[in-house]
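J.: Sequence first, predicted coordinates after that:
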Amino acid sequence: QVQLVESGGGLVQAGGSLRLSCAASARTFSNYPMGWFRQAPGKEREFVAAFTWTGSSTYAFSVKGRFTISRDNAKNTVYLQMNSLKPEDTAVYYCAASRSTYISESYYRTQETYSYWGQGTQVTVSS
């Protein structure tokens, strides 16, 4: 069982930055592919960014070039650095851990690949 706790959300003006953190309780954290998803009001949860089982990163088109996923395995933590934020980035952001060993990046863009989820952290971007 892996428990995930997100933090770092808040209110920011458009053009600003935030860094989200996700702390994991896993003895072999480095073995888990990790992802970030988000859900805006009235919309379905969508993929944002992920580390695959091979360690490569993949991003949604809407955030590529603005968001960066990183991880510190010594701290059992994955981060999402969000720059140049837009009002449409407003959502609850969730981190997730996968037990998958798929190589293809496409698997990590789908929620079903992930077995463990955090409770989410709210990000609000004002215009």
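T.: Nice, I can see it.
J.: And the strands in the protein, which stretches?
T.: Secondary structure of the chain by DSSP state E: the strands cover 3-7, 10-13, 18-25, 34-39, 46-51, 57-59, 67-72, 77-82, 91-98, 114-117, 121-126.
J.: Identify whichever of those strands lies nearest to Y108.
T.: For the strands of the chain, the distance to Y108 is smallest for strand 46-51, at 4.1 Å, taking CB to CB. In this view, the C-beta of every residue, glycine as well, is placed from N, C-alpha and C.
J.: how far is that closest one from where the chain is centred?
T.: Strand 46-51 sits 6 Å away from the centroid of its parent chain (CA atoms, centre = their mean, to the nearest Å).
J.: pLDDT averaged over it, what's the number?
T.: In this model, strand 46-51 has a mean pLDDT of 98.
J.: now that strand against strand 18-25, angle please.
T.: 70 degrees (axes from the mean of the first three to the mean of the last three CA atoms, to 10 degrees).
J.: what helices or strands is strand 46-51 leaning on?
T.: Packed against strand 46-51 by the contact rule (3 or more CB pairs under 8 Å, 6 or more residues apart in numbering; DSSP states H and E) you find strand 34-39, strand 57-59, strand 67-72, strand 77-82.
J.: cutoff 10 Å now
T.: Applying 3 or more CB pairs under 10 Å, 6 or more residues apart in numbering; DSSP states H and E, we find strand 46-51 packed against strand 34-39, strand 57-59, strand 67-72, strand 77-82, strand 91-98.
J.: Tabulate those strands (CSV), appending distance to S104.
T.: Compiled in CSV, the helices and strands packed on strand 46-51 are given as follows (distance: least, CB to CB, whole Å):
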stretch, distance to S104
strand 34-39, 14
strand 57-59, 10
strand 67-72, 17
strand 77-82, 20
strand 91-98, 13
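J.: Indicate which one of those strands is closest to R109.
T.: Taking CB to CB, strand 57-59 is the member of the helices and strands packed on strand 46-51 nearest to R109, at 6.8 Å.
J.: circling back to that earlier point, now the strands of the chain in TSV, with distance to S106 and mean neighbour count?
T.: Formatted as TSV, those follow (distance: least, CB to CB, whole Å; neighbours: other CB atoms under 10 Å):
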stretch	distance to S106	mean neighbour count
strand 3-7	23	17
strand 10-13	31	13
strand 18-25	22	19
strand 34-39	12	24
strand 46-51	10	22
strand 57-59	8	17
strand 67-72	16	17
strand 77-82	20	22
strand 91-98	13	23
strand 114-117	14	18
strand 121-126	25	17
